[in-house]
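K.L.:
got a predicted structure here, sequence first:
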Amino acid sequence: MYSTPVLIFLGVVFLFFASRIWGLYQTNQEAVRKADEARAELHSLEERKTDLEKRVNFLKTERGQESEIREKFMVGKEGEGVILVVDTPEATTTKPAIPEPSAWSRFLNFFR
């Protein structure tokens, strides 16, 4: 009913369109993946922005500036002293080492 050359031509056209559609599908999948990555990065950057804004607002206060100076430059106010906390080694109570009796001593003690 159909001629062989027409069927071959239609098969080639079908394969051509199928390969183009597959390429579009792969491009679409790549775009979706990149959009998801961009959304995740945007969320991360928004969280970082919020944290930095909190930090800036804290540093605008006198208490924030003072704590930052104390932390960075290891300084204190006039009249403040330094307290050093030194951990003491824990006292260990050890019993004097008693030598374990030899096999011969145990044998002799068996008969006593």
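P.N.:
All right, it came through fine. On a predicted model such as this, the values are computed, not experimentally measured, just so you know. Numbers count the residues shown, from 1 in each chain.
K.L.:
CA atoms for contacts and neighbours, from now on please.
P.N.:
Noted.
K.L.:
which neighbouring elements make contact with the lengthiest helix in the chain?
P.N.:
Longest helix in the chain by number of residues, with DSSP state H as the criterion: helix 4-60. Here helix 4-60 touches helix 62-73, going by 3 or more CA pairs under 8 Å, 6 or more residues apart in numbering; DSSP states H and E.
K.L.:
give me the distance between the helix it packs on and the centre of its chain.
P.N.:
Distance of helix 62-73 from the chain centroid (CA atoms, centre = their mean, to the nearest Å) equals 28 Å.
K.L.:
pull the CA atoms of it into PDB?
P.N.:
Written as PDB, here are the backbone C-alpha positions of helix 62-73 (Å, rounded to 0.1, in the frame of the first residue of the first chain):
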ATOM      1  CA  GLU A  62      27.100  50.300  73.000                       C
ATOM      2  CA  ARG A  63      27.000  46.800  74.500                       C
ATOM      3  CA  GLY A  64      27.700  45.200  71.200                       C
ATOM      4  CA  GLN A  65      30.600  47.500  70.400                       C
ATOM      5  CA  GLU A  66      32.100  46.900  73.900                       C
ATOM      6  CA  SER A  67      31.800  43.100  73.600                       C
ATOM      7  CA  GLU A  68      33.400  43.100  70.100                       C
ATOM      8  CA  ILE A  69      36.300  45.200  71.300                       C
ATOM      9  CA  ARG A  70      36.800  43.000  74.400                       C
ATOM     10  CA  GLU A  71      36.700  39.900  72.200                       C
ATOM     11  CA  LYS A  72      39.000  41.100  69.400                       C
ATOM     12  CA  PHE A  73      41.600  43.100  71.400                       C
END
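K.L.:
now the longest helix of the chain and helix 62-73, what's the angle there?
P.N.:
Here helix 4-60 points in a direction 100 degrees away from that of helix 62-73 (axes from the mean of the first three to the mean of the last three CA atoms, to 10 degrees).
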